[in-house]
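Asks: Turn this into a structure:
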Amino acid sequence: MVIDELYDRLRRFPDVEAPNLFAVDGADRLLLDEAAPALESAAPGTIVVVDDQYGALTLGAAVRFGAERIRVHQDSVVAERALAANAEREDLTDRYRSCGLDADLLAGARVVLLRLPRSLSALTEIAETVARHADPEVVVFAGGRDKHISLAMNDVLAASFAEVRASRGRQKSRVLTARRATPGPASYPVRERLDELGLTVVAHGAAFAGPRLDIGTRFLLDFFPRLDFPRNDTDEQIAVDLGCGTGILAAMLARQLPDVRVIATDHSAAAVASAAETAAANGLADRIDTRRDDAASSIAAGSVDLVVCNPPFHIGAAVHTGAAHKMFDAAARILRPGGQMWTVYNRHLDYRPALSGIVGPTRVEGRNRKFTVTRSVRSR
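Replies: Alright, predicted model coming up:
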């Protein structure tokens, strides 16, 4: 089949590529099969795809069903760029356009293909947004791997749709189908006051840790009084919160270092929106520049004095250190000679040798039962 040939050619690039990481899986295939009757009859411009990983859903719908004017939202800019690269290689760039998670994405939508997110909060915001803005007759096909689907996901969808049913399993995957939208008020973004920091945190559904202070970030903040880096001979000092999430580290950097410009960057649209709103909620919007970016690729080489980072230890659902190493590579590229990277990570991962080899000499600044904090100095 033509679709199988397409899937054989799809790549994850620019995301991490490895033998145990794939651009297409059973959930993608099952989603298109379950949605086939709806996709075959859908008019151009009425199909929406949410959180396609690398293009299997968007390009699959275009090739298998001849779908046109597909609207796509991907929280991850890496996934967005992977889809773009695959679409260009397949000469399918004119079949879709990228949108935010908003009315522009969903107005008039009759069919929504959704890769189920890992968190219930992300699913809540997506489901509520679909129910609020799509055509009242919209049908949502939400698929994922069995091991990442919980009964609570049915409940989340049922809060925004009157009818939810689960498909039979296949290839360790399953699809939840939701119909009869019941629009209600938006639950996200949420705001929470962190009294221990004197900080208001704003979080969209897909932002890591929501409005809470995760324990790794809390431990890294204990070392902020030690932050010290050589002053450069330019007019501006720059600090980067690499993988900023809701922007807690960026906000605390801006408070502690009033003469330093702070850049908060993340691959996630939800994270960057959250960080921008957190900055505004704390009167720091003019001090913090938020960027949705793949491993700080928009930041000039050798332009940064300080990087703080709480890297992930997974890629999607797979435990993999490739994402962290990609962030270390980014820090090494953007730091000036003598600039510093402060990193917190799960103690068992022992990133110190990698940091020493990629960024520069690395010293352990502290440990507790769960985490290690290191300081790396960019080699000259």
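Asks: so what's the residue most central in space within the chain scoring on pLDDT?
Replies: Of all residues in the chain, the one closest to the mean position by C-alpha atoms, centre = their mean is Ser268, 3.2 Å from it. We have a pLDDT of 96 for Ser268.
Asks: repeat for Pro230
Replies: pLDDT, read off for Pro230, is 68.
Asks: List the residues that contact the residue nearest to the centre of the chain.
Replies: By C-beta atoms under 8 Å, 6 or more residues apart in numbering, the contact list for Ser268 reads 75-77, 206-208, 292. C-betas here are computed from N, CA, C, even on glycine.
Asks: and Leu355, what are its phi and psi?
Replies: Dihedral pair for Leu355: phi -60, psi -40, per degrees, to the nearest 10.
Asks: Distance check, it against Thr362.
Replies: Distance of Leu355 to Thr362, given as C-beta to C-beta, to the nearest Å: 4 Å.
Asks: Need the residues touching each of the two.
Replies: With C-beta under 8 Å, 6+ apart, Leu355 and Thr362 have common neighbours 374, 376.
Asks: When these two are compared, which one has more neighbours?
Replies: Leu355 (25 against 21; other C-beta atoms under 10 Å).
Asks: gap between the two ends of stretch 42-51?
Replies: 20 Å (C-alpha to C-alpha, to the nearest Å).
Asks: Just the mean pLDDT for it, thanks.
Replies: In this model, stretch 42-51 carries a mean pLDDT of 97.
Asks: List the buried residues of that stretch.
Replies: By 16 or more other C-beta atoms under 10 Å, the buried positions in stretch 42-51 come out as 42, 46-51.
Asks: Can you tell me how far Ala271 is from Ala103?
Replies: 21 Å.
Asks: of the two, who's got more company?
Replies: Comparing Ala271 with Ala103 by other C-beta under 10 Å, the one with more neighbours is Ala271, at 26 against 13.
Asks: Contacts only, for that one.
Replies: Here Ala271 is in contact with 204, 206-208, 244-246 (C-beta under 8 Å, 6+ apart).
Asks: try 6 Å
Replies: The contact partners of Ala271, taken as C-beta atoms under 6 Å, 6 or more residues apart in numbering, are 207, 245.
Asks: any idea of the mean pLDDT for stretch 197-214?
Replies: 96.
Asks: hmm, who's touching that stretch?
Replies: Here stretch 197-214 makes contact (C-beta under 6 Å, 6+ apart) with 75, 121-122, 124-125, 188-194, 245-246, 251, 270-271, 273-274, 277-278, 281-282.
Asks: thinking again about what came up before, looking at the contacts of Ser268, which one is closest to Ile3?
Replies: Ser76 (23.6 Å; C-beta to C-beta).
Asks: residues near that closest one, how many?
Replies: So Ser76, with other C-beta under 10 Å, has 22 neighbours.
Asks: Report the beta-bridge partner residues of it.
Replies: For Ser76, the beta-bridge partners under DSSP bridges are Ser268.
Asks: tell me what the helix or strand encompassing Arg165 is packed against?
Replies: If you go by DSSP states H and E, Arg165 is part of strand 161-166. Contact here means 3 or more C-beta pairs under 6 Å, 6 or more residues apart in numbering; DSSP states H and E; on that basis strand 161-166 packs against helix 151-158, strand 173-181.
Asks: if I look at Leu30, how far off is Gly243?
Replies: Leu30 is 31 Å from Gly243, where distance means C-beta to C-beta.
Asks: follow-up on the earlier one: ok, which of the helices and strands packed on strand 161-166 comes nearest Leu335?
Replies: Using C-beta to C-beta, those put helix 151-158 closest to Leu335, at 41.1 Å.
Asks: Send me that closest one as PDB with only the CA atoms.
Replies: Extracted C-alpha coordinates of helix 151-158, given in PDB (Å, rounded to 0.1, in the frame of the first residue of the first chain):
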ATOM      1  CA  LEU A 151      -9.800   5.100  32.500                       C
ATOM      2  CA  ALA A 152      -9.400   8.700  33.800                       C
ATOM      3  CA  MET A 153      -9.000   9.800  30.100                       C
ATOM      4  CA  ASN A 154     -12.500   8.500  29.400                       C
ATOM      5  CA  ASP A 155     -13.700  10.700  32.200                       C
ATOM      6  CA  VAL A 156     -11.800  13.800  30.900                       C
ATOM      7  CA  LEU A 157     -13.300  13.400  27.500                       C
ATOM      8  CA  ALA A 158     -16.800  12.700  29.000                       C
END
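Asks: Strand 161-166 and that one, what's the angle between them?
Replies: 150 degrees (axes from the mean of the first three to the mean of the last three C-alpha atoms, to 10 degrees).
Asks: If you count neighbours, what's buried in helix 151-158?
Replies: 153-154, 156-157.
Asks: on that earlier part again, turn the buried residues of stretch 42-51 into JSON lines, including distance to Arg255 and secondary structure.
Replies: Formatted as JSON lines, those follow (distance: C-beta to C-beta, whole Å; DSSP: H, G, I helix; E, B strand; the rest coil):
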{"residue": "Ala42", "distance to Arg255": "50", "secondary structure": "coil"}
{"residue": "Thr46", "distance to Arg255": "47", "secondary structure": "coil"}
{"residue": "Ile47", "distance to Arg255": "45", "secondary structure": "strand"}
{"residue": "Val48", "distance to Arg255": "40", "secondary structure": "strand"}
{"residue": "Val49", "distance to Arg255": "40", "secondary structure": "strand"}
{"residue": "Val50", "distance to Arg255": "36", "secondary structure": "strand"}
{"residue": "Asp51", "distance to Arg255": "34", "secondary structure": "coil"}
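Asks: Alright, that wraps it up for me.
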